[in-house]
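Peer 1: What follows is a protein structure lacking sequence information:
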């Protein structure tokens, strides 16, 4: 009897828990809160990279151009753009998560707090905290008659409280991981040149944001140079590799846009990815061991490759900053030769040669690299 009674109580408890869980999931669905790795790890991270591009990255380019041309106006514009990187990232994340207007606007404060308190690893702190604050705000949005007070209050309170509590630790952890990678690259430039170049390059072509990864880890220096090499190998490599199928429009859209356009083709025939991956395994160690190519510009530039020529521009802006700081005597012809070879010439030549070989072996068939209309 006791066992029967206990089993009955357990069954009743399970039923209540299942009912409560169903109610919670239904409410989440109503509020468009979808807890998934793709939504947070792909959509939100990709949007964060766009926020970085529209603030810190553009700001750095403007600042560099202003400094080189002696135009104070451009320098001021660059400073203002760079200063709002945190809010730009947070709002971009909120946009990707379909945040209502009041939640979206409230994330400006959250982004500023998380990025400031996160230090060098601020982008990762913004990613984590902005997601949580955004979803908290969405859950209460338009549920009360004083929504204009409740929604911003919940969003900002959640975001700023978490920033005060978590952001320094998240930022320190991300910065520590990035420091370890950069230290390892200095100690073992050949091996790490291959690893960083291949991994970041693959991340760029996948739906993962290589730019956000580099920004979150503050990946600069020699490791940043290897990342630039890997990203350029993917973008320039696919652009040249598929020139026969996609002509000049495809060359521009992949070489200056993104190699992600080939992802659907890669899923159909993974072998088409090998030329770009092998090219990055060659250019990465050349960048670290021979040319000592360093990314001393914004960390986000390390993961951009030739998208708008942001990767090479980031390397150049680092040279300019180093010369101004006195840590580099001048930009030499060897510097320029290394940059051109690593970012443009070698990826194009290697992928063209490997492409010819793969086509002869039948690993790449006609139409395998054709971009969807």
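Peer 2: Great, that's in hand. No experiment lies behind these values; they were computed from the predicted model shown.

Peer 1: Next, the residues that contact stretch 122-133 from outside, please.
Peer 2: 40, 44-45, 48, 52, 85-86, 89-90, 93-94, 97, 106-107, 110-111, 113-118, 155-156, 158-159, 162-163, 166-167, 170-171, 173-174, 212, 215-217, 300 (CB atoms under 8 Å, 6 or more residues apart in numbering). Quick note: C-beta positions are derived from backbone N, CA and C, even for glycine.

Peer 1: go again using 6 Å as the cut-off
Peer 2: Contact with stretch 122-133 is made by 40, 44, 48, 86, 89-90, 93, 107, 110-111, 114-115, 118, 155, 158-159, 162-163, 167, 170-171, 174, 215-216, as judged by CB atoms under 6 Å, 6 or more residues apart in numbering.

Peer 1: And those, which of them are buried?
Peer 2: Buried members of the contacts of stretch 122-133, scored by 16 or more other CB atoms under 10 Å, are 40, 44, 48, 86, 89-90, 93, 107, 110-111, 114-115, 118, 155, 158-159, 162-163, 167, 170-171, 174, 215-216.

Peer 1: pLDDT below threshold where in this structure?
Peer 2: 1-4, 207-208, 373 (pLDDT under 70).

Peer 1: got the residue ranges for the strands in the stretch 201-350 of the chain?
Peer 2: For the stretch 201-350 of the chain, applying DSSP state E, counting those that start in this stretch gives no strands.

Peer 1: how about the helices of it, start to end?
Peer 2: Taking DSSP state H, counting those that start in this stretch, the helices of the stretch 201-350 of the chain run over residues 210-216, 221-241, 243-252, 263-268, 274-285, 310-325, 333-340, 346-361.

Peer 1: Can you name the residues in contact with the fifth one?
Peer 2: Counting by CB under 6 Å, 6+ apart, the neighbours of helix 274-285 from elsewhere in the structure are 190, 193-194, 197-198, 201, 226, 229-230, 233-234, 237-238, 241, 342, 346-347, 350-351, 354-355.

Peer 1: Among those residues, name the buried ones.
Peer 2: 193-194, 197-198, 201, 226, 229-230, 233-234, 237-238, 241, 342, 346-347, 350-351, 354-355.

Peer 1: Give me the residues contacting the helix or strand hosting residue 95.
Peer 2: Here residue 95, judged by DSSP states H and E, is contained in helix 85-96. Residues outside helix 85-96 that contact it (CB under 6 Å, 6+ apart) are 43-44, 47-48, 50-52, 54-56, 104, 107-108, 110-112, 115, 126, 130, 134.

Peer 1: rewinding a little: tell me which of the helices of the stretch 201-350 of the chain is the most buried.
Peer 2: Stretch with highest mean neighbour count among these: helix 221-241 (a mean of 32; mean count of other CB atoms under 10 Å).

Peer 1: can you give me the angle that one makes with helix 333-340?
Peer 2: Interaxial angle of helix 221-241 relative to helix 333-340 (axes from the mean of the first three to the mean of the last three CA atoms, to 10 degrees): 50 degrees.
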